[in-house]
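Visitor: I would like to see how this sequence folds:
(2 chains)
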Amino acid sequence: EAEVAQSPRYKITEKSQAVAFWCDPISGHATLYWYRQILGQGPELLVQFQDESVVDDSQLPKDRFSAERLKGVDSTLKIQPAELGDSAMYLCASSLGRASYNSPLHFGNGTRLTVT
Amino acid sequence: AQKVTQAQTEISVVEKEDVTLDCVYETRDTTYYLFWYKQPPSGELVFLIRRNSFDEQNEISGRYSWNFQKSTSSFNFTITASQVVDSAVYFCALSGGVSGGYQKVTFGTGTKLQVIP
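Guide: As a prediction, this is how the structure comes out:
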């Protein structure tokens, strides 16, 4: 089965620097999610796209985080400036459904971010 | 609002023992779906099972079984004859609709299972 591609796998950055993550979902999947997972906790939704539109960014710290999915395919999540508390695993997932909510999420391997 | 509670933070069992992972959820939706995911040390969450709110039949898949009880809002996961390869963090998740029709998925905090050889 096709996979969700994420890059980079690991990223170390200094605080106040900018950092960007990339995600390519499974072909044909309309919905794309960015989650943040702090060590020992469950994934927390940052932003959700349906095609190219943001449908939920209520938990996205908009003063420093931004996300886009310009053509409704791949997506980029950016942090500027990075803070120490941003150290976490950033997970991208995609699902097939649009108006349905029974679609399982398919996850990428994640990007492990360390802010020093 | 949706909420998923996995009260067991960590569980250790000896290989071949049976183990049950608990999941309790809260939702106001009448139609919703419940999922279990496995996150091995490599980090990628893997989908295990989906169950809709109208289907309370238990399901068995090999050594895995799931018990959905709507009356207690629980969706528990049992591994029979555990193996070392079952060592991972397991997440329960709830999916419901919101106005606008898009899928909202909420994860629990996970249960770390360690199977000791």
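
Visitor: look at residue A:82 and tell me its secondary structure.
Guide: What DSSP: H, G, I helix; E, B strand; the rest coil gives for residue A:82 is coil.

Visitor: number of nearby residues for it?
Guide: When neighbours are defined as other C-beta atoms under 10 Å in any protein chain shown, residue A:82 has 23 of them. The way it works is simple: take the backbone N, C-alpha and C, and place the C-beta from them, glycine included.

Visitor: my read: it touches residue A:20, true?
Guide: No. The criterion here is C-beta atoms under 8 Å, and residue A:82 misses it with residue A:20 at 10.5 Å.

Visitor: list the helices and strands the helix or strand of chain B with the lowest mean pLDDT packs on?
Guide: Least confident helix or strand of chain B, by mean pLDDT, DSSP states H and E, is strand B:59-61 with a mean of 85. The contact analysis (3 or more C-beta pairs under 8 Å, 6 or more residues apart in numbering or on different chains; DSSP states H and E) places strand B:59-61 against strand B:46-52, strand B:64-69.

Visitor: residue A:109: which of those is closest?
Guide: Each of the helices and strands packed on strand B:59-61 has some distance to residue A:109 by C-beta to C-beta; the shortest is strand B:46-52, at 11.2 Å.

Visitor: what comes up buried for that closest one?
Guide: Buried positions in strand B:46-52, judged by neighbour count with 16 or more other C-beta atoms under 10 Å in any protein chain shown: B:47, B:48, B:49, B:50, B:51.

Visitor: likewise for stretch A:42-54?
Guide: A:42, A:43, A:45, A:46, A:47, A:48, A:49, A:50.

Visitor: end to end, how far does stretch B:91-111 reach?
Guide: Distance across stretch B:91-111, first residue to last, is 7 Å (C-alpha to C-alpha, to the nearest Å).

Visitor: quick one: contacts of stretch A:108-116?
Guide: Stretch A:108-116 has contacts (C-beta atoms under 8 Å, 6 or more residues apart in numbering or on different chains) with A:3-15, A:19, A:21, A:23, A:37, A:79, A:82-93, B:42-44.

Visitor: what about the helices in chain A?
Guide: For chain A, no helices are identified by DSSP state H.

Visitor: check the secondary structure at residue B:71 for me.
Guide: Three-state assignment for residue B:71 (three-state DSSP): helix.

Visitor: mind showing which ranges of the chain have poor pLDDT?
Guide: Assuming you mean chain A. A:1-2, A:98-100 (pLDDT under 70).

Visitor: sorry, I should have been clearer: chain B.
Guide: B:98-100.

Visitor: what does chain A have sitting close to chain B?
Guide: Applying C-beta under 8 Å from any C-beta of the partner chain, we find that chain A lies next to chain B at A:31, A:33, A:35, A:40-45, A:48, A:50, A:55-56, A:89, A:91, A:93, A:95, A:97-110, A:112.
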